[in-house]
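Student: sequence plus the predicted model coming up.
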Amino acid sequence: MVRSWDQGLDAISSSWFGRWGNSFLTVHGIICCPSLAPYFESKFGECCFCSAQYKVNKSIKLESDKVVDTVDIEDIGDKSVFCRCWKSKKFPYCDGAHNKHNEKTGDNVGPLIVAKKK
């Protein structure tokens, strides 16, 4: 005779332990989970993608919905170095601010270099 996969579960849930365990988990879920939510929210804050402290851009054109810069290809010349760390005082051009950021955080961000083929 082949047993179904849930026959073993029926035996456990019909025992005293199974009924007590189900009741315990139900009460625990109803009482403990909602009461712990404020603690975790205060400890870890809101979603890291929503919180202002996790923004990448903290100083450049903050009043804009989206920062967009256009550079004419004729203005680039032989080579231009563009910022990707959002910390440059000459944004969109790189001023090396990523070096200090990399030392402080262990990150490996660097600039975008656009150069004419030789």
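Tutor: Yep, it's here. Residues are numbered from 1 along each chain as shown.
Student: and the closest residue to Leu112 other than its chain neighbours, how far from Ala115?
Tutor: For Leu112, ignoring the flanking residues on the chain, the nearest one in space by Cβ to Cβ, 6 or more residues apart in numbering is Phe82 at 4.3 Å. In this view, the C-beta of every residue, glycine as well, is placed from N, C-alpha and C. For Phe82, the distance to Ala115 equals 11 Å [Cβ to Cβ, to the nearest Å].
Student: higher neighbour count, those two?
Tutor: Phe82 (16 against 11; other Cβ atoms under 10 Å).
Student: next, the more buried one: phi, psi?
Tutor: phi -110, psi 140 (degrees, to the nearest 10).
Student: that one bridge partners, please.
Tutor: As for beta bridges, Phe82 partners with Tyr93, Leu112 under DSSP bridges.
Student: how about it, what does it touch?
Tutor: Residues near Phe82 by Cβ atoms under 8 Å, 6 or more residues apart in numbering: 71, 92-94, 111-114.
Student: that one and Leu62: what is the separation?
Tutor: Distance of Phe82 to Leu62, computed by Cβ to Cβ: 20 Å.
Student: the strands in this protein, which residues?
Tutor: 79-82, 112-115 (DSSP state E).
Student: which other residues reach the last one?
Tutor: Spelled out, it's strand 112-115. Contacts of strand 112-115 (Cβ under 8 Å, 6+ apart): 76, 78-84, 94.
Student: which of those are buried? Put it as a ChimeraX command.
Tutor: Entered in ChimeraX, the line below selects the buried ones among the contacts of strand 112-115, by 16 or more other Cβ atoms under 10 Å:
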select :80,81,82,83,94
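Student: Throw the contacts of strand 112-115 into CSV and include pLDDT and distance to Lys55, thanks.
Tutor: Shown next, in CSV, are the contacts of strand 112-115 (pLDDT from 0 to 100; distance: Cβ to Cβ, whole Å):
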residue, pLDDT, distance to Lys55
Ile76, 85, 29
Asp78, 90, 34
Lys79, 92, 30
Ser80, 93, 26
Val81, 95, 24
Phe82, 95, 20
Cys83, 94, 16
Arg84, 92, 15
Cys94, 95, 20
